[in-house]
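**Student:** Fold the following.
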Amino acid sequence: MDHANRKALEARMREEIAGLREQLGDLGERARTVELDQQAVGRLSRMDSLANQGIAVNALDKAKSRLARLERALSRIEDEDFGLCADCGEAIVPARLLVLPEAVLCVGCAE
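**Tutor:** I've put the predicted structure just below:
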């Protein structure tokens, strides 16, 4: 991978990391335990709240996982073997890395 592609990819990763960090606060708030109000709340409202909380917990877990993968990839971006498939050793197509910067497998090996 040439220097220009590496710098563009680094900028993209930093941008995605910043966006994920912003999302984590909001998702963390929505994923908090659903408190039952002192007032009677309908059963369906509680069910909706619990379902929304479950969705937020899932999204929070995925965001944390992606953030960790992106941070690992960013820490390796200057490594000589960055952008090479971990299985076959061939170069990962730059377009794949722009979409999925944390990719460690080429498309063929990922399938």
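**Student:** can you pull the pLDDT of residue 48?
**Tutor:** In this prediction, residue 48 carries a pLDDT score of 79.
**Student:** which strands and helices sit next to the host helix or strand of it?
**Tutor:** Element membership for residue 48, per DSSP states H and E: helix 43-76. Counting contacts by 3 or more Cβ pairs under 8 Å, 6 or more residues apart in numbering; DSSP states H and E, helix 43-76 packs against helix 3-30. All C-beta spots, glycine's among them, are computed from the backbone N, C-alpha and C.
**Student:** show me what contacts the most centrally placed residue in the chain?
**Tutor:** Nearest to the mean C-alpha position of the chain, by Cα atoms, centre = their mean, lies residue 66 at 2.5 Å. By Cβ atoms under 8 Å, 6 or more residues apart in numbering, the contact set of residue 66 is 20, 102.
**Student:** Next, work out how far apart it and residue 48 are.
**Tutor:** 27 Å (Cβ to Cβ, to the nearest Å).
**Student:** how much space between residue 74 and residue 80?
**Tutor:** 16 Å.
**Student:** Those two - which one has more neighbours?
**Tutor:** Each of residue 74 and residue 80 has its neighbours counted (other Cβ atoms under 10 Å); residue 74 has more, 18 against 8.
**Student:** pLDDT at that one, what is it?
**Tutor:** 94.
**Student:** Likewise for the one 10 residues further on?
**Tutor:** Taken from the predicted model, the pLDDT recorded for residue 84 is 94.
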